[in-house]
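**Q** turn this into a model:
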Amino acid sequence: MPHAVQDLEIRLLLEAIYARYNHDFREYSGASLKRRVLQGVEQLQCDSISALQGLVLRDPRAFAQLLEIITIPYTEMFREPEFFVALRQHVVPVLHTYPSVKIWVAGCASGEEVYSLAILLKEEGLLERSLIYATDINPAALERARQGIFPLSELQQYTRNYQDAGGTAGFSNYYTAAYDAARFDRELCRHVTFADHSLATDHVFSEMNLICCRNVLIYFNRKLQDRAIGLFAQSLCHRGFLGLGSKESLDFTPQGAAFEPVALRERLFRKR
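**A** Residues are numbered from 1 along each chain as shown. Okay, here's the model as predicted:
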């Protein structure tokens, strides 16, 4: 099939999803989104993107399956450990000066970043006075995050990441292993609020001391990246912190001037 026809089918699919389900993927990065849509065609056993459109419009369960394919990024606990080292060095001392701390994990997916931050806050004596907002557009991913159950096969890598991130205890202290899964301590989530929120369509909902949106913006086009960064600038308190992924940047964005680098290599910034 010609690429131009496929591109048109994808645009129509995204418009249909927005009209039917109010999920807006129209400003997502084209190449990445196209790969995922084609994966959806294959996994949902459709003959074409147009056939996929007809299926998801008629069947909310099929849309839920497609949503999983489109929105779930690769993630792991304490991913890019140097970022968490930078948090301990540059952010934690400032957070200690506040009577209470609010943190937003935007695009939390299945929760690995949320639990990583909760462990760090616990070790730094901040968890009890922190409130973490963990948001995503995928209800199935949010439910997995609430459960805090991760494959046992991933724990060896997570343990290495935790140690490289400056962990001060034994990582196994934070979970109970059974069969092929590990359930993380429910106390880690006592101060976490999981909520549906779209960086494409929703607005600011609270004033934050720290926002982490790591390895999410890479799936957006420039227009949607600018919108998301604008939301973060509005949501952060005076001199609040913003953490991005290693391949993400504030360069050439209208809101970039609102931030100054704290640890540029680790993509940690502070609102001016």
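**Q** for the closest residue to Val216 other than its chain neighbours, phi and psi?
**A** Closest residue in space to Val216, ignoring its immediate chain neighbours: Gly107 at 3.6 Å, by CB to CB, 6 or more residues apart in numbering. C-beta: built from backbone N, CA, C; applies to glycine. Per-residue torsions, Gly107: phi 70, psi 50 (degrees, to the nearest 10).
**Q** residues touching Gly107, list them.
**A** By CB atoms under 8 Å, 6 or more residues apart in numbering, the residues touching Gly107 are 73, 135-136, 199, 213, 216.
**Q** list just the nearest of the residues you listed to Asp47.
**A** Nearest to Asp47 among the contacts of Gly107: Pro73, at 27.7 Å, using CB to CB.
**Q** pull the most distant pair out of the contacts of Gly107.
**A** Of all pairs in those, the most separated under CB to CB is Pro73 and Thr135 at 14.3 Å.
**Q** looking at those two, which one has more neighbours?
**A** Thr135 (21 against 15; other CB atoms under 10 Å).
**Q** who's that one bridged to?
**A** For Thr135, the beta-bridge partners are Ala106, Ala195 (DSSP bridges).
**Q** looking at it, it is touching Ile103, isn't it?
**A** No: using CB atoms under 8 Å, Thr135 makes no contact with Ile103, being 11.3 Å away.
**Q** Lys247 belongs to a helix, doesn't it?
**A** No: checked against DSSP: H, G, I helix; E, B strand; the rest coil, Lys247 lies outside a helix; its state is coil.
**Q** tell me which residue is most central in this protein.
**A** With distances taken as CA atoms, centre = their mean, Gly107 lies nearest the centre of the chain, 2.6 Å away.
**Q** picking that back up, output the contacts of Gly107 as CSV; include the columns distance to Val192 and pLDDT.
**A** Output for the contacts of Gly107, formatted as CSV (distance: CB to CB, whole Å; pLDDT from 0 to 100):
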residue, distance to Val192, pLDDT
Pro73, 19, 72
Thr135, 11, 97
Asp136, 13, 96
Leu199, 19, 96
Cys213, 16, 97
Val216, 18, 94
